[in-house]
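Q: Structure for the following, please:
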Amino acid sequence: MDFNNYQYVIAYVNQFGVFAPLIFFLLFVIQAMLPVFPYAIMAAAGGFLFGFQQGIVLSWSGALTGACLAYWICRWFGIGSFLSKYYIRSGYDVYKLSPGVAFWTIVIARIIPVVPTPLINVGAALGGIPFPTFFLSSAIGKIPTAVLYTSLGLALFQARDVKTILFIIAAGISIMLLARYAANRWLNRQR
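A: Below you'll find the model as predicted:
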């Protein structure tokens with residue numbers, strides 16, 4: 001099989017039939033809980049293999065499902081009750097947590113790839129953030145990265161010359177660096 005031609009790769013993945021998207025979805029669930037492979041590469045592969053719209057849906061819904069599972073696993077195993085003793089000693093009061101601040105903190109952390117996804121999931125669960133707040137902020141925060149990385153993968157794999165590929169990579173890196181710079185400035189102003 002010639003994996004240098006994207007049409008052959010699409011044909012290879014499609015031979016799994018209806019299970020190909022399901023397997024891809026499950027890989028995103030695993031990636032959100034344990035980042036074994038980078039999200040950007042997986043979402044780019046989703047755009048390449050399943051097209052723009054289905055790639056976005058698979059990457060977004062799989063990552064959101066994995067984030068929610070990680071959140072509930074931390075809650076179910078009683079890690080929160082263990083930490084509540086620590087919170088009491090350190091003066092942290094979960095009930096004084098502002099839902100608006102928690103919501104926007106998760107949205108920004110999801111959009112700007114600075115904090116690893118598992119840390120956001122575990123931090124929200126252990127920090128006492130209510131699940132509806134976590135779910136909605138994660139759902140909104142994961143949309144831009146799903147769109148960006150899926151379209152980036154689609155553009156990269158459909159590019160025919162090296163100049164276009166290098167331009168796409170440079171544009172993607174520039175956007176990420178600008179986002180990180182903006183996040184650092186915003187965090188410094190908040191302090």
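Q: send the alpha carbons of stretch 42-51 over as CSV?
A: Extracted as CSV, the C-alpha positions of stretch 42-51 are listed here (Å, rounded to 0.1, in the frame of the first residue of the first chain):
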residue,chain,number,x,y,z
MET,A,42,-5.2,13.1,15.7
ALA,A,43,-7.6,15.9,14.7
ALA,A,44,-5.5,16.6,11.5
ALA,A,45,-5.7,12.9,10.7
GLY,A,46,-9.5,13.1,11.2
GLY,A,47,-9.8,15.9,8.7
PHE,A,48,-7.6,14.0,6.3
LEU,A,49,-9.5,10.7,6.7
PHE,A,50,-13.1,11.7,7.3
GLY,A,51,-13.3,15.1,5.7
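Q: tell me the mean pLDDT for that stretch?
A: Average pLDDT, stretch 42-51: 82.
Q: what does it rub up against?
A: By C-beta atoms under 8 Å, 6 or more residues apart in numbering, the residues outside stretch 42-51 that reach it are 6, 9-10, 13, 20-21, 24, 27-28, 31, 54-56, 58-59, 145-146, 149-154, 156-157. For every residue, glycine as well, the C-beta is placed using N, CA and C.
Q: Could I get the full set of helices for this protein?
A: Per DSSP state H, the chain carries helices over the ranges 6-14, 19-33, 39-50, 52-76, 79-90, 99-111, 117-126, 131-158, 162-190.
Q: Output those as CSV; include the columns mean neighbour count.
A: Listed next are these as CSV, based on neighbours: other C-beta atoms under 10 Å:
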stretch, mean neighbour count
helix 6-14, 13
helix 19-33, 18
helix 39-50, 23
helix 52-76, 20
helix 79-90, 12
helix 99-111, 17
helix 117-126, 20
helix 131-158, 19
helix 162-190, 12
